[in-house]
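> Predicted model and sequence below, questions to follow.
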Amino acid sequence: MLLIRAAQLEALKADAVRRFIDELAADVSANSPVPAGALGSEATRGLVREGVARAARYGITSRRGVGDFVRMMLSFGRDFDASPENSWAATVLNDPKLRNPQAKMRRLVTAAVAIARGRVGTTRDT
């Protein structure tokens, strides 16, 4: 019988989180519309670590959800979820009716795309 002690389990979790942060930081650097690579690898990992923690506060813990959350941090500002100019994000993230994290992220991504399109349209028109 295999017995895994609590300390061993925590070490496995910590290693998995570390790998996830490294993978997401590499992906964000390579594929983000905002040049995360300009931050440098350690700063990008720091942004991802912060994003993992911030997303978790809203119940968002899936790889895809956290990845989208971090990309929004790059696109709309590091504290987009608490920024007054991005009140749309706080409205979605704090909506008590959105208990399912995937539904919350779908709504947040939909709102972000609409906002980004509005910004692009505004930029083109001026």
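Yes, it's here. Numbers count the residues shown, from 1 in each chain.
> Remind me which helix or strand Ala116 belongs to.
Here Ala116 is covered by helix 101-125, with elements defined by DSSP states H and E.
> ok, how many other residues are close to Gly51?
26 (other Cβ atoms under 10 Å). To be clear about C-beta, it is placed using only N, CA and C from the backbone, and glycine gets the same treatment.
> Is the nearest residue to Ile115 once chain neighbours are set aside in a helix, a strand, or coil?
Distances taken as Cβ to Cβ, 6 or more residues apart in numbering put Trp88 closest to Ile115, at 6.3 Å, once the chain neighbours are dropped. Using DSSP: H, G, I helix; E, B strand; the rest coil, the secondary structure recorded for Trp88 is helix.
> from here on, count from 8
OK, 8 is where the count begins now, so the last one is Trp95.
> Beyond the one helix or strand Gly58 maps to, next helix or strand please.
Taking DSSP H and E as the criterion, Gly58 maps to helix 48-64. Using DSSP H and E, the helix or strand that follows helix 48-64 towards the C-terminus is helix 70-83.
> got the buried residues for stretch 46-57?
By neighbour count with 16 or more other Cβ atoms under 10 Å, stretch 46-57 contains the buried residues 46, 51-52, 54-56.
> now, which of those sits nearest Ser69?
Taking Cβ to Cβ as the measure, Ser69 lies nearest Val55 of these, at 14.5 Å.
> Verify the stated contact: the closest one with Val35.
Yes. Using Cβ atoms under 8 Å, Val55 is in contact with Val35, at 6.6 Å.
> Could you name every residue contacting both of these two?
Counting by Cβ atoms under 8 Å, 6 or more residues apart in numbering, the contacts common to Val55 and Val35 are Val77.
> So which residue is dead centre in the protein?
Nearest to the geometric centre of the chain sits Phe76, at 2.1 Å (Cα atoms, centre = their mean).
> picking that back up, how many neighbouring residues does the residue nearest to Ile122 have?
For Trp95, the count of nearby residues is 15 (other Cβ under 10 Å).
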